[in-house]
Structures are given as C-alpha cells and as structure tokens.
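Asks: My questions are about this predicted structure, shown below with the sequence.
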Amino acid sequence: MLDKRNWLEAVSGKAQIGKVLEMNRYTQKYGLAFSEEDVQMMVMERKNVLKEQKRVEFGQSILPQLIYEFCDSSYIDQSNYLEIMLRLQEIFYLYKNETMDELTDSELLHFMKEQFENVCYGDLEYLEETCLDVFSQAVRGGYEGYKQTEGKGEYSRFDEVTRWDPLLYVEALKDFE
C-alpha cells in the first residue's frame, strides 16, 4: 500500500507526464515528439536534478515551458531531442540556483534559448560554462537589466569574447586569393 507521500508523487508524476505528452501536439509541427517512455525518463531525471540541486518545485513542472521555448530550435531534431531536453532541464535548475532565483523562469528560459541559438550554435557546454556562467555572475553582482528585457538581448552586455566580424572575414579571405 502506498503511503501519502508516495501516493502524491505518483499522482503528480502522472499529471506531469500528461502535460508533457500534450506538448507533442504543438511540437509535431517541428517534427518533434516524445514517447511516453521518454517523458517518464524526463520526469525521473527532473526528480534527480531537483534533489541534486537541493530544489523543490511546487505546481507545474518546468518541462512544458522548456519544451515550448526550445522546440523550434534549428539545432534540435528528433534524433537529439530527448538528450538536449534532459540536459537543458539540468542546466535550467543549476542556473536557477546560480542566479539565486533572481530571474523568473521565463527570463532564464528566454536568455538560455537566445544564447543557445545565436551565441552557442547549439553547444550546450558553451551555454552552461560560458554564457550562463558570465550572466549569473552579473546577476549575483547586482545586475537587474534583464527585468526590462525579460532576459532577451542581454548577453552582449557581458560577452568579452572577440568574435569574427563576417565582413572582415570575407575581406581577409580575399587577401589569400
């Protein structure tokens, strides 16, 4: 017989699975869908990550928001969908802690997606170890500009990495001809 806590976890887990499976209706237009087994794995991993990060999540899981934010990414296809979403979930909770919960879920998700697409070009390691690390340091240092932008367009304020200017690159190539 289930005790009260296990019963609540079972009911909550089924509800989370149902919510994430409902997202398939939306994500199918991007060629993405999770199986029930995939979602069960994601819910179990969520539980593990929350425990590892010493976090408690009340109400709805972040998974539907995470899926909605990232499903149209040019770096995600069906072959890497589960792996990337599992990793993004882990990164999300880590950086909720690293930013001391100063950002709303939406602000953090917007920032993550923008960097994933435009700076990291789908590289999760660069997202975690560079973009989010630099941004979280700024937030811990008192930066609050993200509140007006909902986390969009923020990284350029902190990015110290010199990147190639596309026009300069083309000019440099001409010199080699």
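Replies: Received the coordinates, thanks.
Asks: drop to CA atoms for contacts and neighbour counts, all remaining ones
Replies: Will do.
Asks: So what's the residue count around residue 35?
Replies: When counting by other CA atoms under 10 Å, one arrives at 12 neighbours for residue 35.
Asks: brain fart, residue 171
Replies: Here the count is done by other CA under 10 Å, and residue 171 has 11 residues near it.
Asks: Checking it next. Helix, strand or coil?
Replies: helix (DSSP: H, G, I helix; E, B strand; the rest coil).
Asks: Now for it: which residues touch it?
Replies: Under the criterion of CA atoms under 8 Å, 6 or more residues apart in numbering, the contact list for residue 171 is empty.
Asks: Tell me how far it lies from residue 142.
Replies: Residue 171 sits 41 Å away from residue 142, taking CA to CA, to the nearest Å as the criterion.
Asks: And for residue 85?
Replies: Distance from residue 85 to residue 142, by CA to CA: 30 Å.
Asks: And the two? Which one has more around it.
Replies: Neighbour tally, residue 85 and residue 142, criterion other CA under 10 Å: the higher count belongs to residue 85, 18 against 10.
Asks: quick one: that one from residue 44, how far?
Replies: Computed with CA to CA, the distance linking residue 85 and residue 44 is 13 Å.
Asks: ditto for residue 139
Replies: Distance, residue 139 to residue 44, using CA to CA: 30 Å.
Asks: out of these two, which sits in the busier spot?
Replies: Taking other CA under 10 Å, residue 139 and residue 44 do not tie; residue 139 has more neighbours (19 against 13).
Asks: so what's that one up against?
Replies: Remark: with contacts taken as CA under 8 Å, 6+ apart, residue 139 is in contact with 99, 102.
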